[in-house]
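**Student:** everything below, folded, please.
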Amino acid sequence: MDLSFTPEEEAFAAEVRAWLADNLERPPSFDSLADEIAWGRRWQRKLAEGRWVGLHWPAAYGGRGASPLQVAIFNTEYTRSRARQLVNRVGINLAGPTLLAHGTDEQKTRWLGPILTADEIWCQLFSEPGAGSDLAGLSTRAEPVDDGWLLTGQKVWTSYAQFARWGICLARTDTDAPKHRGISYLVVDMAAEGIDIRPLVQITGEAEFNEVFFDEVFVPTDHLVGGLNQGWAVANTTLAHERGTSFPFKEQVVHEVYLHELFAEAAAGGRLDIPEVSDGLAQAYVELAVLRLHNWRTLTRLAKGEEPGPESSVTKLAWTDMTQHLSDTALDVVGPASPLWGTWERQWLWSKAASIAGGTSEVQRTIIGERLLGLPRG
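**Tutor:** Numbering: from 1, shown residues only. Now for the predicted structure:
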């Protein structure tokens, strides 16, 4: 594969850099998560007005019809500028691509536009207390009623649920079918009666995650994405984008910036001669190079019009190991002089979730063994 950019791609990268140079906003210090979300909405709306959100979406739905490589170029330039992550990440990276692949024309027309502008924030209602690693073991059920279903159950680890207008939800619609075949993919109105959202304080001290309880919440028939009891196939589209295109591309560039800063900080502090530091930085460099190659492979699939497949689990594992190892090295670099709760300490704490978010590392290894290597189940 030719990894060099064409003149057109170089011009596109220059266009991105120029727009960011003229429009980039640095966020202030926020007094609350609500203030941070409000600022994030304004910033994403500005990006959407410049048509820099959902670049790969069809122009008819507010995108540019950009190629996967153009999307990667934009993400690279955006991340290197140290711009703030978009507030509606679940909508842009997960719900949007899933609706484009499986939604009806009416669903796309209704929901895709407000995703881009962050007028409507989305959340992901997949994990449950008893169905995290074994997602298909979920117990939230949707009982049929006239014109829809009544949703009852509990979800957990739901980011930004307290600010979300819509949620993509997996629920059991056929209790007699095998567990993978009795699930449907529903869009839930987070303002509907019967929903109770309870924030969870994370190890970083923030409350981005939530528990969500459903008590006979009505979901209309036209909020079903894909066929009835076909939710597992639809969910695999969502999960493949989460593991293969959402985390790794952004995190690759974020950690390239981190690694550059850590090398400079280690050199300035005279810590490059410490074996733990030099070995850790070298290992981080190698793992970033490996992640970059996995990301190029994903780009190749996308450029051919193929959806991310089970190999996205390999990419997810590479990202998990990379971010955790680099975060460990960061603490060795800053040493005891680092202020408590500084940038690197927060990154180290957050990295502990990397082996859980987007599917646990154990699940990724199972997918690799069964679906890529053909090993027997169990």
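
**Student:** so the nearest residue to Gly182 once chain neighbours are set aside, which of the three states?
**Tutor:** Nearest non-adjacent residue to Gly182, counting by Cβ to Cβ, 6 or more residues apart in numbering: Asp174, 3.5 Å away. Where you see a C-beta, it was placed from the backbone N, CA and C, and this is true even at glycine. For Asp174, the assignment made with DSSP: H, G, I helix; E, B strand; the rest coil gives coil.

**Student:** next, the contact list for Asp174, please.
**Tutor:** Applying Cβ atoms under 8 Å, 6 or more residues apart in numbering, we find Asp174 in contact with 181-182, 229.

**Student:** just among the residues you listed, which is most surrounded?
**Tutor:** Among these, the one with the most neighbours (other Cβ atoms under 10 Å) is Gly182, at 20 neighbours.

**Student:** for that one, give me its contacts.
**Tutor:** By Cβ under 8 Å, 6+ apart, Gly182 lies in contact with 172-176, 229.

**Student:** could you pull out the strands for the stretch 101-250 of the chain?
**Tutor:** For the stretch 101-250 of the chain, strands defined by DSSP state E, counting those that start in this stretch occupy the ranges 122-125, 141-145, 148-155, 166-172, 183-189, 195-200, 209-220, 224-225.

**Student:** so of the ones you listed, which one's packed in deepest?
**Tutor:** Mean neighbours per residue, mean count of other Cβ atoms under 10 Å, is largest over the strands of the stretch 101-250 of the chain for strand 122-125, with a mean of 28.

**Student:** could you export that one as CSV, CA atoms only?
**Tutor:** Extracted in CSV, the C-alpha atoms of strand 122-125 (Å, rounded to 0.1, in the frame of the first residue of the first chain):
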residue,chain,number,x,y,z
TRP,A,122,-26.7,10.5,21.8
CYS,A,123,-25.7,7.8,24.3
GLN,A,124,-25.1,4.1,24.1
LEU,A,125,-27.3,1.7,26.1
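
**Student:** that strand packs against which elements?
**Tutor:** Here strand 122-125 touches helix 89-90, strand 166-172, going by 3 or more Cβ pairs under 8 Å, 6 or more residues apart in numbering; DSSP states H and E.

**Student:** assess the claim that Leu150 and Ala171 are in contact.
**Tutor:** No - in this structure Leu150 lies outside contact range of Ala171 using Cβ atoms under 8 Å: 10.2 Å.

**Student:** quick check: neighbours shared by those two?
**Tutor:** If you check Leu150 and Ala171 against Cβ under 8 Å, 6+ apart, the residues they both contact are Ala142.

**Student:** now do stretch 363-378: distance to the chain's middle.
**Tutor:** Remark: stretch 363-378 is offset 23 Å from the chain centroid, using Cα atoms, centre = their mean, to the nearest Å.

**Student:** buried stuff in that stretch?
**Tutor:** Using 16 or more other Cβ atoms under 10 Å as the test for burial, stretch 363-378 gives 363-364, 366-368.
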